[in-house]
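Student: Below are the sequence and a predicted model; questions follow.
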Amino acid sequence: MSSDTTGVTHRRETMYRGGIPGLIVASIVALVALTNLGQPFAAVGLYAALMGSAAVLQFRSPETLLDERDRRITAKASDYTLTAFAYSAAVVFPALTLTYGLGLYSWTAFAAGAGSALLAVFGVHFAFTAYLYSRMG
């Protein structure tokens, strides 16, 4: 008598691998939606519960969810993301500053916050890059 454990294992791995990103997306959607509906405590509570569930799935999975190929893909996607934001910011923020100087634009709290967040992201990125280079040699 034989059992199809490979098929069961693959289905379970697929469920975990699909469930984690699904829970992460659902947590972000819940946070944004409930915040915009004026329910900040429910927003944070549901966000924490869904994100916590994703973490539990990740660390309690009986299967290997991320292999070397997944890590390479994630690293490449991170590179593309940082590059896209860098090039966008290199065009958008000087253009906003120029239009501000010409009196055609006034800085909003959102634009200032976005600029500050970008500065923080790239500051952390460059700090880690410098740290990793210093460890290599």
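Tutor: Noted; the coordinates are in hand.
Student: And the average pLDDT for the longest helix anywhere in the chain is what?
Tutor: Ranked by residue count and defined by DSSP state H, the top helix of the chain is helix 68-101. Averaging pLDDT along helix 68-101 yields 91.
Student: Report the rounded mean pLDDT for the next helix or strand after it.
Tutor: Later in the chain than helix 68-101, the nearest helix or strand by DSSP states H and E is helix 109-136. Helix 109-136 carries an average pLDDT of 91.
Student: Run through the neighbouring helices and strands of helix 109-136.
Tutor: Packed against helix 109-136 by the contact rule (3 or more Cβ pairs under 8 Å, 6 or more residues apart in numbering; DSSP states H and E) you find helix 68-101. The way it works is simple: take the backbone N, C-alpha and C, and place the C-beta from them, glycine included.
Student: circling back: which elements pack onto the longest helix of the chain?
Tutor: So helix 68-101, by 3+ Cβ pairs under 8 Å, 6+ apart, packs with helix 109-136.
Student: Domain ranges for this protein, per the record?
Tutor: The record's domain split for the chain, according to automatic domain parsing, is 1-65, 67-137.
Student: quick one, which of these is packed in tightest?
Tutor: domain 1-65 (a mean of 13; mean count of other Cβ atoms under 10 Å).
Student: any idea how far it is from the chain center?
Tutor: From the chain centre to the centre of domain 1-65 is a distance of 14 Å (Cα atoms, centre = their mean, to the nearest Å).
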